[in-house]
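> Quick one, structure for this:
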Amino acid sequence: MLISNKTVAQLLVECLENEGVEYVFGLPGEENIRIVDALSGSSIRFILVRSEQGAAFMAEVYGRLTGKAGVCAATLGPGAINLLLGVADGHLNSAPLVAISAQAGINRLHKESHQSLDLVSIFKPATKWADMLLTPASTTELIRKAFKQSQSERPGAVYLAIPEDIEAALAPANARPLEVNVVHDDAPSPSQIARASALLKASHNPVILAGHGAVRNQASEALVRFAEKLHIPVATTFMGKGVISDQHPNSLGVVGFMVRDYQNYAFEHSDVIITVGYDLLEFSPTRINPKADKEIIHIHRIPAEVDAHYPISVGIEGHIPSALDALGAAVSQKYGIPAQDFAPRRLRETEIDKSKRNDSFPVKPQRIVADIRAAMEPDDIVLADTGAVKMWMARLYPTYKPNTCLISNGLASMAFAIPGALAAKLVFPQRKVLAVVGDGAFMMSSQEIETAMREKIPFVILIWEDGAYGLIKWKMELELGRSSHMSFTNPDFVKYAESFGAQGYRITAADQLLPVLQEALASNTVSVITCAVDYSENTKLTTALADLAEDESK
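Numbers count the residues shown, from 1 in each chain. The predicted structure is shown next:
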């Protein structure tokens, strides 16, 4: 075999270029310096981060917004393990992501050795596929396989370890990146369409649940056509927000809250549930089909997961928009009343409208959500971090287009929103980007403000400040009647932001929030806004919803 003067590190970067990679988010170490050096001479922009966890979250959001695998990189041992949280988050959120880390040299893998762990075994449970590059000649095949695995439905995270001695080795002279091939969907089966149409024709009160798979498979327009033609109301999961506009008369809003919410009414009174791109890990089917007595039509590119509360009557597997169009063409009857006339939708709209007029301080979460919506254009992107903030944003933030309100509800990790906002701004530099975080999540990822300032990537961070882990406190009070070990203290967030060179704002009255948001979003830098939030509304909400359920049962 002829040997070139090109290293495996240089060949690997050529393969990344061949895959269309624009960015690698990472933190270098001694064992991957050759890959970092090779990136410097390539078309790929290396984004040096302040934590490997942040790099993985950036790669996740890049993949989620583009459909192309985001790439993150780290060194071996502790660097690789620090990637794991964001990699797992991307995997359970069905975001295409390729994680690459260094590994100890093959010459010492057989024995106890400095910083050497079985990284492939560590990453396997949290990814679709994990492997290690063992020979220079397999570089092109493994990189192509990594991207193909990551980007194929259901997309997710993959991991590749690069031993330090392989990285430095010379590549075969004839080694070239492999041609990129794309897996195309099959058309929906006519027999499946016929069975589903027969079921629908016998139905009296169907309802649609659209999930993240409908978003990532660009099924929004087909979903709206289908719902309009048959007059069927549509609810979405948290991660499906925007696949049908909340302004559309058929939109019911979201399901996913921790107790029975307004939208659950529609499922309780349905006889057929049509799921469109719904992945069970987004939201348990026990919450939409608690008695396991509904007929379910499953429309997705992949077979349904097995679950006692998700018994499939008909599964339509294939191209989701084509499946919706074919099923819509096969059924001519119209069902029920427009969603805009449903009691659940009216109750949600009343809650949103009422919140706009509340001037109390600390600010009610409903008012914060309303002001965020007023400050953002329909195409702008908001990322809601995990915590009580996620529940309020998911329930009440009107969303008009897919991928404009990003929520992690697979792994549901805290701390994804700030690094994710940085990646979102890279993907869509012309849009405003806002990371909405609790003070707990902020302190887990705020170091990436320095990354954004250094790389000149402007976005806004809005902190809901309550000095506690608000969601867990809410859950404890709901289930145990009390809470403990939830409170902490915070630094001065304004001074903290300014120490990075960012802008800092403190809200001291409810009527300040909207103009400050508008000013910060219009600026060309990173801005941090801290706003005290009144989370006494948490228990008031769950109490009100429980009272509503009790009234309906009488």
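
> how far away is E228 from P365?
Look at E228 and P365: by CB to CB, to the nearest Å, they are 33 Å apart. (C-beta placed from N, C-alpha, C; glycine too.)

> go on, D380?
20 Å.

> which of those two has more neighbours?
Counted by other CB atoms under 10 Å, D380 and P365 do not tie: P365 has more neighbours, with 26 against 20.

> Now that one. Nearest residue, chain neighbours left out?
Excluding the flanking residues, the one nearest P365 by CB to CB, 6 or more residues apart in numbering is W392, at 4.3 Å.

> contacting residues around the one you found?
365-366, 368-369 (CB atoms under 8 Å, 6 or more residues apart in numbering).

> same question, I166
8, 105-106, 133-136.

> quick check, nearest of these to G253?
Nearest to G253, judged by CB to CB, of these is L133 at 46.9 Å.

> Give me the number of neighbouring residues for that closest one.
Residues near L133, counting by other CB under 10 Å: 23.

> quick one: pLDDT of it?
L133 is assigned a pLDDT of 97 by the prediction.

> measure the residue nearest the centre of the chain to M239 for me?
Closest residue to the average C-alpha location of the chain: S408 at 4.2 Å, with CA atoms, centre = their mean. Here S408 is placed at a distance of 8 Å from M239 (CB to CB).

> Repeat that for A412.
10 Å.

> So those two - more neighbours on which side?
M239 (33 against 19).

> In space, what's closest to the more buried one - neighbours in sequence excluded?
H212 (3.8 Å).

> Pull the contacting residues for the one you found.
By CB under 8 Å, 6+ apart, the neighbours of H212 are 93-94, 237, 239-240, 277, 279, 282.

> Out of the residues you listed, flag the one nearest to V427.
Distances from V427 to those, taken by CB to CB, are shortest for N93, at 15.8 Å.

> Show the subsequent helix or strand relative to the helix or strand containing D353.
Using DSSP states H and E, D353 sits in helix 343-355. As assigned by DSSP H and E, the chain's next helix or strand after helix 343-355 is helix 365-375.

> what number of residues lie near E450?
17.

> The one 3 residues further on now?
Other residues lying near M453 total 16 when counted by other CB under 10 Å.

> Going forward, the N-terminal residue is numbered 24.
In the new count, where the first residue is 24, that last one comes out as M476.

> Now do the buried residues in the helix or strand hosting it.
Taking DSSP H and E as the definition, M476 sits inside helix 471-478. Buried residues in helix 471-478, defined by neighbour count with 16 or more other CB atoms under 10 Å: 471-476.

> Now G524. Nearest residue, chain neighbours left out?
Once flanking residues are discounted, G524 sits nearest to M476: 5.2 Å by CB to CB, 6+ apart.

> pLDDT score for the one you found?
Predicted confidence (pLDDT) for M476: 98.

> State the distance from it to L62.
For M476, the distance to L62 (CB to CB) stands at 21 Å.

> now V203
In terms of CB to CB, V203 sits 19 Å off from L62.

> that older thread, and the residue lying closest to the residue nearest to the centre of the chain once chain neighbours are set aside, how close does it get to S468?
Nearest residue to S431 in three dimensions, chain neighbours excluded: F439, at 5.1 Å (CB to CB, 6+ apart). Distance, F439 to S468, using CB to CB: 8 Å.

> Mutual contacts of these two, please.
F80.

> So for those two, which sits in the more crowded spot?
Using other CB under 10 Å as the criterion, F439 and S468 rank with F439 on top: 34 against 26.

> what distance separates the helix or strand containing the residue nearest to P388 from the centre of its chain?
Assessed by DSSP H and E, W415 sits inside helix 411-419. Here helix 411-419 is found 14 Å from its chain centre; the criterion is CA atoms, centre = their mean, to the nearest Å.
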